[in-house]
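>>> need a 3D model of the following:
(one chain, ligands or ions: 1)
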Amino acid sequence: MADIFANLKQAVLDGDEELVAEYAQRVIDEKIDPVAAIEKGLIKGIEELGAKWKAGEAFLPDVMMAADALKTGLDMLEPLIAESGATGGEAKGKVIIGQVAGDIHDIGKNIVGALLTAAGYKVYDIGIDQPAENFLAKAEEVGAGVIAAGALLTTTMAAQKHIIEYLKGQNVRDKYKVMIGGGPTSQAFADEIGADAWAETADEAVMLCNKLIAG
Ligand code: B12
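Numbering: from 1, shown residues only. Predicted coordinates for the structure are as follows:
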C-alpha cells in the first residue's frame, strides 16, 4: 500500500499523467482508500515539487505539468469519494465553494469540495477567479448556508476580506457562515477579517463545516 502512494507521489513529481492514471486505476481496482491515495500520494508530490520550485530547483512548467498530472488522478478518484458520501437522504447542508478573484489555484479547493461532498454536503463549486458577487449570487440561488472561499496567494487574500465586506454591504452577512482557507491564510487572518471559520486542511474544513451548520 505504501508503495502505491510513493508511486503516485513520484508520478506527480515527474508530471507523468499516464503513470498517475495507471496508479489511480490500481487504487480503484484494489479498493484502496481514495482519500489516503490523494493525501499520501498526489498531494505529497505537488508539495515536494512546490518546495523545489521555491528553492529554484524546479520551474513553472514543471509545476504546471505536475498539477495536470495530479488533476488526472483527482478526477479519477473523486467519484469514489463522492460515492462513499452518498447517504441517499437529505444533504447535511449546502455549501458554495470557490477560489477568489485573481486566483487560479484550484487543487486544494477541489479536494475540500470532494471531502465535503463525501461528508454529505451538497457542494456548489463556482470555480476559480470568482468575484464576491458570484459567491453571493450562487448562495442566494440555491439557498446555501455556508460560503467557502479559497486563496493561495498573499495578494488574493484581500479578496476573502472583500467577500465579507460585500456580504455586509448587501445586508446578508448574518445569513451565511463564511469559511476561508488556502496556504497564506491563518486563524489570525480569519479573525481579523471576521470570517466564521478558517480551515488549514480539507479534513478540518469538513469538521468546521459540521460545527458551523450545527451552531
Ligand atoms: C500547483 C501550484 C500552481 C499551479 C496551479 C494549478 C492548479 N490548477 O491549481 C500553477 C502552475 C498554475 C500555479 C500558478 C501560480 N502560482 Co502557484 N503554486 C502551486 C503549488 C506548487 C501547489 C499548490 C497546491 O495545489 N497544493 C496542494 C493542495 C492540496 O494544497 P493547498 O492548496 O494548500 O490546499 C490545502 C489547504 O490549503 C486547504 N485549502 C485549500 N483551499 C481551500 C479553500 C477553502 C475554502 C478551505 C476551507 C480550505 C482550503 O485544504 C487543502 C487540502 O488540505 C504552490 C506551492 C505550495 N506548496 O502551496 C504554489 C504557490 C501557491 N504558487 C505561487 C505563485 C507565486 C504562483 C504564480 C503567481 C506564479 C507565476 N509567477 O505565475 C501563479 C499564480 C496564478 C494565479 N493568478 O493564481 C506561490 C504563492 C506565493 C504567495 N504566498 O503569494 C506558491 C506558494 C509557490 C511559492 N512558494 O512561491 N501555481
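>>> buried ones in stretch 156-174?
Going by neighbour count (16 or more other C-beta atoms under 10 Å), the buried part of stretch 156-174 is 156, 157, 159, 160, 161, 162, 163, 164, 166, 167. Placement of C-beta: from N, CA and C, glycine included.
>>> for stretch 205-214, same thing?
205, 206, 208, 209, 210, 212.
>>> so which residues of this protein form helices?
2-13, 17-29, 34-37, 43-54, 60-84, 107-118, 132-142, 157-169, 187-193, 202-214 (DSSP state H).
>>> Serialize these to TSV and add fields for mean pLDDT.
Below are these laid out as TSV (pLDDT from 0 to 100):
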stretch	mean pLDDT
helix 2-13	95
helix 17-29	98
helix 34-37	94
helix 43-54	96
helix 60-84	92
helix 107-118	93
helix 132-142	98
helix 157-169	98
helix 187-193	98
helix 202-214	93
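>>> these into JSON lines, with extra columns for distance to the ligand?
JSON lines is the format used below for the helices of the chain (distance: least, C-beta to the nearest ligand atom, whole Å):
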{"stretch": "helix 2-13", "distance to the ligand": "10"}
{"stretch": "helix 17-29", "distance to the ligand": "14"}
{"stretch": "helix 34-37", "distance to the ligand": "11"}
{"stretch": "helix 43-54", "distance to the ligand": "3"}
{"stretch": "helix 60-84", "distance to the ligand": "4"}
{"stretch": "helix 107-118", "distance to the ligand": "2"}
{"stretch": "helix 132-142", "distance to the ligand": "11"}
{"stretch": "helix 157-169", "distance to the ligand": "8"}
{"stretch": "helix 187-193", "distance to the ligand": "10"}
{"stretch": "helix 202-214", "distance to the ligand": "4"}
